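Trainee: everything below, folded, please.
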Amino acid sequence: MIELNNKNKDINFGIYLLYFCKKEKIMNEAVDKFKELLDIMEDLRAKCPWDKAQTLESLRHLTIEETYELSDAILNKNMDEIKTELGDLLLHIVFYAKIGSETGHFDMSSVIDSINNKLKIRHPHIFGNIEVNNPEDVKKNWEKIKLKQGNNSVLGGVPNSLPALLKAYRIQEKVSGVGFDWENKEQVWNKIFEELNELKAEVDKNSDKAMIEAELGDLLFVIINYARFIGVNPEDALEKTNLKVIKRFSYIEKQAKLMGKNLYDMNLQEMDKLWEIAKTKEKKE
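Mentor: Numbers count the residues shown, from 1 in each chain. Model prediction:
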């Protein structure tokens, strides 16, 4: 029995050693590749006319575009594209760091050091002695720490330039982190109908656009809140519906062309029939 136990210990140690060596190899390869990327950035900044001309401001809109391309790849579950788009985003981070090093404000090392310190400070349940029971506890601690670090407002970390739907979602997450929230999803569900009735009342009264717009905004905000309560990201949900509509309408266009018809000459019943066929085809896929 002792020999068997010792043998098991040897096997377990061997497995651990193989895992450690593999992990070490992967990390070393990643470090080498990252160093190569930094060297490439140095060459591009020194020799390429386009790269030499870039500034923090000129890269901004390109970074936003790359982020949306990554988002598309994630929604499409295309792992090869996700890998490619992550690389593109990493290039932008390295590019920003290179520009920062030229002005003396920051460099790649200080950028990494900054996020390392932030992660350690904001995860005291890992790097300190704070106990948490679930992800919600982690989020609440995160917000408390941010306020202690000098944030003037709970909502201070929500970027002004975020799209409205995503901004609403982040606002709700932030205020929820300090306890300003509904108690349960049924309350939010009831609030949806309250806001819906208020919107309808303004429309029926033929109120001015500002009043109707305000009520519609309230309704959308509550629907986004309900999505949060049921664990659905409303941005993802809406984008998936967008993609679904594009796919179905593209089917209508394709079928109309095959029938030698122009969409402008088709009536709603004809197009709706093709729409239902497209829906049926989706369920079979």
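Trainee: the residue lying closest to Asp51 once chain neighbours are set aside in helix, strand or coil?
Mentor: When the adjacent residues along the chain are set aside, Asp51 lies closest to Leu44, with 4.1 Å between them (Cβ to Cβ, 6 or more residues apart in numbering). Glycine gets a C-beta too; all of them are placed from N, C-alpha and C. When the structure is reduced to helix, strand and coil (DSSP: H, G, I helix; E, B strand; the rest coil), Leu44 reads as helix.
Trainee: in the helix or strand Asn141 falls within, what counts as buried?
Mentor: Assigned by DSSP states H and E, Asn141 falls within helix 135-148. Within helix 135-148, the residues that count as buried by 16 or more other Cβ atoms under 10 Å are 138, 140-141, 143, 145-146.
Trainee: show me how the record splits the chain into domains.
Mentor: 2-109, 154-234, 236-284 (automatic domain parsing).
Trainee: out of those, which is the most enclosed?
Mentor: The highest mean neighbour count among those belongs to domain 154-234 (a mean of 14), with neighbours defined as mean count of other Cβ atoms under 10 Å.
Trainee: would you mind measuring from Ala201 to Lys191?
Mentor: 15 Å (Cβ to Cβ, to the nearest Å).
Trainee: can you check Ala278 too?
Mentor: Taking Cβ to Cβ as the criterion, Ala278 is separated from Lys191 by 34 Å.
Trainee: in CSV: the buried residues of helix 135-148, plus distance to Tyr251 and pLDDT.
Mentor: Formatted as CSV, the entries for the buried residues of helix 135-148 read as follows, by distance: Cβ to Cβ, whole Å; pLDDT from 0 to 100:
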residue, distance to Tyr251, pLDDT
Val138, 44, 84
Lys140, 46, 77
Asn141, 48, 79
Glu143, 45, 73
Ile145, 50, 78
Lys146, 47, 73
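Trainee: go through those and name the one nearest Leu274.
Mentor: Minimum separation from Leu274 among those (Cβ to Cβ) is found for Val138, which lies at 48.1 Å.
Trainee: surely Glu253 meets Leu263?
Mentor: Yes: under the criterion of Cβ atoms under 8 Å, Glu253 is in contact with Leu263, at a separation of 6.5 Å.
Trainee: report pLDDT for Met211.
Mentor: In this prediction, Met211 carries a pLDDT score of 96.
Trainee: same thing with Gly177?
Mentor: In the predicted model, Gly177 carries a pLDDT score of 80.
Trainee: cool, and Lys77?
Mentor: Note for Lys77: predicted pLDDT of 90.
Trainee: ramachandran coordinates for it?
Mentor: In this entry, Lys77 is assigned phi and psi values of phi 50, psi 40 (degrees, to the nearest 10).
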